[in-house]
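1. Got a predicted structure plus its sequence, pasted below:
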Amino acid sequence: MTTATLTKPPRPADAPSARRSRWTGIRRVLTRKPGRIIGLSILVFFVLMGTFGPMVYGDQLAIDPDAIYQSPSAEHWLGTDFAGSDVLQATVVGSRYVLLTCSLAALFASTIGTTVGLLAGFHRGLSDSALMRVTDFVLTVPGLPLLVVLTTMWKFDSPLEMGFVLGVVGWGGIARAVRSQALSLRERGFLEAARGLGLPSRHIIVRELLPNIAPYVAMHLLLSVIGFVEAQVGLFFLGIVPFTSTNWGVMINQAVFSGGALQSPEAIFYLLAPLTCILLLIMGVVLFLDAIDELFNPRLRER
Amino acid sequence: MVRFKHFVAASAALATLGTLAACAPDSGAKNGANGGGVFTTVDANNPITPGAPMNPYSPNGNTFLSYNSMRLGFEKKNPMDANDAFPGLAKSWEIKGDTLVAHMQPDAKWSDGKPVTVEDIKMSMAIALTQGTASVGSGQLSEGLNVASVTAVGKHDIEFKQAAGTNNANFAKQILGQSIVPKSVYGHLVPADIWDTIAASQQVDAAQAKAAQAAVDKLNETGKAIAAFAPKKDVSAGPFVVKRVNPGSAILVRNKYFYDLGKIAPSQVVIRHYSGNEQIWGFMKNGDLDAAPFTAIPTNVLNQILAKGYKRADGTSYVNASIAFNQSKAPYDKKEVRQALAYILDREAITKVGQPVGGMASTAPAGMIRKSTEQWLGADEVGKLNPYAHDEAKATELLKGAGLKQKGGKWYLANGKQWKITLQTVNGFSDWIAASTVVANELTAFGIETKPALSADFGAYQTDMAAEKFDVGWWLTAVGADPRQNFQRLYGESDGFVANGDKVTHTEKKGDGNWMHGDETFTVDGQSINPGQLTASLAGLDTEAKKPVITQLVKATNQEVPVIPMWDYTNVKFTYDKNFTNWPKNGQDAILANQPGVWMMQGYIQAKGK
């Protein structure tokens, strides 16, 4: 599991072949099981949807009060919503906020959690105790109720704000896990050698320790995306954050509480469209995680 | 061990049976003396609160108006006569100047068999004044409950006198609308000298102001103790009495001492708990409710409910949904801007989305619902009002005239900033939320970037609105059948006007409740008017004298557009002809404005086949 970070860098002449063999390895890992390709395809699909969807459709949904809760048709593939707007358009446009928010939240949580975990695990002693008590505090704070309270003061207009808050309350788990990894790694020979060479702590943490736990962090980052998708859609579903008819959580809320989707089949597509997207997104992450696991864990490749 | 298991199983079975028994209506309730069975409904104003006291003064009390909570009369919501009411514990009444004489139902009894006495009524009026309605110098108030004395003037006749100096044309409405509770249950909570305290609180002499305030404080303290009181059992003078309250429903049985028992068909009333509209829709889809109140409902669900066999009866609802402005904030301080917004918004389209079942698009800003405006002004005057029909060219002209600029399809304020609107609405108000989407869409398409925003609940919304946190938000206007109430929503405390008798003051001070910040005076038809003064004056005028004042206020509202009304609500009630028949019909506004308990007292709701 030790890496070659202290070994000599490869010669430039070897670089293209090394890169080629890395891509070959990735391709081999991805194609080993069809589920991995499906997972990746789903994720790519959503990234394209979030990136280009709003450009194609535009943010402003067209309304038609004479076509409320219409069934799917050639004009409206997924039917229409409470204002006669196209459900497919709302779903596509709404994907950007969801994807950006959960990506940013995962990034914030991973960055804070990894930093805290590495520092605590590497330094041990007083800083470990202090950082872990802070981590315990973050872990014990009930995330969703806290967010509900925060919404009374903060409007969460942009994905950055929402992602930041979700990330700030969601880094506790990864900090604890990274600390455990760091505690284990710091006793390994290559780190003892680095310390023996008198390299500064910053260098050891960033250049020696971090690359070794990066696969673990990457996996955690992807996993946390699932939690953040559910958390932010849940907040919108509860109706406590700014209302926008293209948000998936708001769509579910409107379908259930205003459209009677659980009472009447007319609004069912309006409910199912965002729900299916959430399900697919989570499925994509889970399937792709399998590939990530193997990519970062060479022992799995040998099976 | 085996024996223990049997014991646990037997206990569980017994507990289950007990729970089922507690949730189910009583056996034998199927055929009452009048042929009725169980009448199931929900109380729109009062979901069940397990553990809450059976006390009408408790904020979440398990008392249900017209079933086990009685009044002297039940308001008919007649816009031309605020004092018009159906009889309750009072069989009839006469208004003589500042006095009301009520003739009580001679056979009125409490559910414990004791007669309803003058002492009960007198104490109930005193209690009403402990519930935050007393105020210093209330003798001068031209509105509110300003009763000074309650006296027996015959075996079943009671005289209520207004406080000295009061000129309240709606005095009867106030008296008739108070809860009546038994002295045998609440008497020990009411101090013997309470009427002296009330008299002290009503002192209008400035020298006595301190003593009056002390009296008001004393009344409010008594009121708190009364509101917290939990009677051991329900004692009702209504047609029903609470037997028990389960978490999911309240079971009420017929009060065998009710004065008009022959009219009451159901032997039991089950009032179901609900936490959201969709639960009420579900109850109706299953055919569980005999009658249901108005709830915001989408057309697709309505069709399913009607397919189940429910009938809808539409009555007039004296309230409309409007968009209000903080007129101290630019650009809403200019009436041309508010008028322009009225021209931009297509109220028909907004109503179709927001309130497709229970709403009628507003025709013109008037401060009252369409029906009231027509009744008071007549068709000719109503025809002269500006309807602000959808006209974007007119809106553009008005905005440009107000100094706003249009660049690249967007509108900019006079200071060069882009005009953006945050339209505040309330979580759970599905009609406002849905309509906000259309409003935002129409304004954004016109070049005014608009986003809806939600407040967590209505309480927080009202607080934040009063604290001037919103520039633009939804607001209920034209509330109530009485025009004075309607205009008070626009030219009352929230607009800085405070009325005390004939004296009306206007405040612009922050924290004084003025968040609308309309002008103190307007010029209408070349004449300067003070809308707060005119509104307050309505309290002391008779019907004919009110007409010119109301006309002035309607014209002022139509010109100034302090709010843009979107739709008048419709009072849609649902009835199910499964167990009972003879329901109120479409257009019977007065009876439909009341709860089914009043319908029963009026002879409606009879057992099927009787």
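-> Received, thanks. Numbering: from 1, shown residues only, chains lettered A, B, ... in the order given.
2. For whichever residue of the stretch 51-200 of chain A sits closest to chain B, which non-adjacent residue is spatially closest?
-> Closest to chain B within the stretch 51-200 of chain A is residue A:65: 3.7 Å, counting by Cβ to the nearest Cβ. Just so you know, the C-beta spots here come from the backbone N, C-alpha and C atoms, and that holds for glycine as well. Using Cβ to Cβ, 6 or more residues apart in numbering or on different chains and skipping the chain neighbours, the partner closest in space to residue A:65 is residue B:352 (3.7 Å).
3. Might one say that that neighbour is in contact with residue A:68?
-> Yes - Residue B:352 lies in contact with residue A:68 (Cβ atoms under 8 Å); the separation is 7.3 Å.
4. related to what we said a few turns ago, tell me which helix or strand the residue nearest to residue A:65 sits in.
-> Assessed by DSSP states H and E, residue B:352 sits inside helix B:347-354.
5. pLDDT value on residue B:453, please?
-> Note for residue B:453: predicted pLDDT of 87.
6. Next, give phi and psi for it.
-> Here is the backbone geometry of residue B:453 (degrees, to the nearest 10): phi -140, psi 150.
7. about what we covered before: which residues does the residue of the stretch 51-200 of chain A closest to chain B contact?
-> A:83, A:84, B:348, B:349, B:350, B:352, B:353, B:438 (Cβ atoms under 8 Å, 6 or more residues apart in numbering or on different chains).
8. Only whichever of those residues are buried, select them in PyMOL.
-> Per 16 or more other Cβ atoms under 10 Å in any protein chain shown, the buried members of the contacts of residue A:65 correspond to this PyMOL selection:
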select buried, (chain A and resi 83+84) or (chain B and resi 349+350+352+353+438)
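9. who touches stretch B:584-593?
-> Residues from elsewhere that reach stretch B:584-593 (Cβ under 8 Å, 6+ apart): B:75-78, B:84, B:86, B:312-316, B:571, B:573, B:575, B:598-599, B:602, B:604.
10. now with 10 Å?
-> Identification of contacts with stretch B:584-593 by Cβ atoms under 10 Å, 6 or more residues apart in numbering or on different chains yields B:74-79, B:84-86, B:291, B:294, B:311-318, B:371, B:481, B:571-573, B:575, B:583, B:594, B:596, B:598-599, B:602, B:604-605.
11. Pull out the buried residues from it.
-> Buried residues in stretch B:584-593 (16+ other Cβ under 10 Å): B:584, B:588, B:589, B:590, B:591, B:592, B:593.
12. again with stretch B:382-392
-> B:382, B:385, B:387, B:388, B:390.
13. in terms of contact, does the second one touch residue B:377 like I think?
-> What that stands for is residue B:385. Yes - counting by Cβ atoms under 10 Å, residue B:385 touches residue B:377, with 8.2 Å between them.
14. residues shared between the contacts of those two?
-> B:366, B:554, B:555.
15. On the pLDDT front, check the second one for me.
-> What that stands for is residue B:554. For residue B:554, pLDDT reads 97.
16. quick one: contacts for it?
-> Per Cβ under 10 Å, 6+ apart, neighbours of residue B:554: B:364-368, B:372-373, B:376-377, B:381-382, B:385, B:483, B:486-487, B:524.
17. any idea how far stretch B:265-284 is from the chain center?
-> 20 Å (Cα atoms, centre = their mean, to the nearest Å).
18. re the thing from before, can you list residues touching both of residue B:352 and residue A:68?
-> A:83, A:84, B:299, B:434.
19. Secondary structure class of the second one, three-state.
-> At residue A:84, secondary structure determined by DSSP: H, G, I helix; E, B strand; the rest coil is coil.
20. Quick check: nearest residue in space to it, chain neighbours excluded?
-> residue A:64 (3.4 Å).
21. can you pull the contacts of the one you found?
-> So residue A:64 contacts A:70, A:76, A:80, A:83, A:84, A:85, A:86, B:349, B:352, B:353 (Cβ under 10 Å, 6+ apart).
22. pull the helix or strand with minimum mean pLDDT from chain A.
-> Least confident helix or strand, chain A: helix A:298-301 with a mean of 63, by mean pLDDT, DSSP states H and E.
23. can you pull the pLDDT of whichever residue of the stretch 151-300 of chain B sits closest to chain A?
-> Nearest residue of the stretch 151-300 of chain B to chain A: residue B:300, at 3.8 Å (Cβ to the nearest Cβ). Model confidence at residue B:300, given as pLDDT, is 86.
24. Pull up the residues of the stretch 351-500 of chain B that are close to chain A.
-> Residues of the stretch 351-500 of chain B lying near chain A by Cβ under 10 Å from any Cβ of the partner chain: B:351-354, B:356, B:422-423, B:425-431, B:433-438, B:440-442, B:444-445, B:451-457, B:460, B:464.
25. The residues you listed in strands, which ones?
-> B:422, B:423, B:425, B:426, B:451, B:452, B:453, B:454, B:455 (DSSP state E).
26. Between all of those residues, which two are separated the most?
-> B:426 and B:451 (15.4 Å; Cβ to Cβ).
27. neighbour-wise, which of those two wins?
-> Ranked by neighbour count (other Cβ atoms under 10 Å in any protein chain shown), residue B:426 and residue B:451 place residue B:426 first, with 20 against 17.
28. Give the bridge partners for the more buried one, please.
-> Note on residue B:426: beta-bridge partners by DSSP bridges are residue B:455.
29. That one: what's it in contact with?
-> Contacts of residue B:426 by Cβ under 10 Å, 6+ apart are A:239, B:432-433, B:454-462, B:473-474.
30. and the residue lying closest to residue B:492 once chain neighbours are set aside, what helix or strand is that in?
-> Nearest non-adjacent residue to residue B:492, counting by Cβ to Cβ, 6+ apart: residue B:535, 6.7 Å away. Applying DSSP H and E as the criterion places residue B:535 in helix B:531-537.
31. coming back round to it: of all the shared contacts of residue B:352 and residue A:68, which two lie farthest apart?
-> Of all pairs in the shared contacts of residue B:352 and residue A:68, the most separated under Cβ to Cβ is A:83 and B:299 at 12.9 Å.
32. Identify the contacts common to these two.
-> Joint contacts of residue A:83 and residue B:299 (Cβ under 10 Å, 6+ apart) are A:68, A:69, B:352.
33. For residue A:261, state which of those residues is nearest.
-> Closest to residue A:261 out of the shared contacts of residue A:83 and residue B:299 is residue A:69 (9.1 Å), distances taken as Cβ to Cβ.
34. Got the confidence number for that closest one?
-> 90.
35. Same question for residue A:196.
-> 83.
36. The spatially closest residue to residue A:47 that is not a sequence neighbour: how many residues sit nearby?
-> Among residues not flanking residue A:47 along the chain, residue A:99 sits closest, at 7.0 Å (Cβ to Cβ, 6+ apart). By other Cβ under 10 Å, the residues close to residue A:99 number 21.
37. For residue A:99, give me the backbone phi and psi.
-> According to degrees, to the nearest 10, residue A:99 has phi -70, psi -40.
38. right, and it touches residue A:54 too?
-> No - between residue A:99 and residue A:54 there is no contact, the gap being 11.1 Å when judged by Cβ under 10 Å.
39. roughly how far apart are whatever residue of the stretch 451-600 of chain B ends up closest to chain A and residue B:354?
-> Going by Cβ to the nearest Cβ, chain A is nearest to residue B:452 of the stretch 451-600 of chain B, at 4.6 Å. From residue B:452 across to residue B:354, the span is 12 Å (Cβ to Cβ, to the nearest Å).
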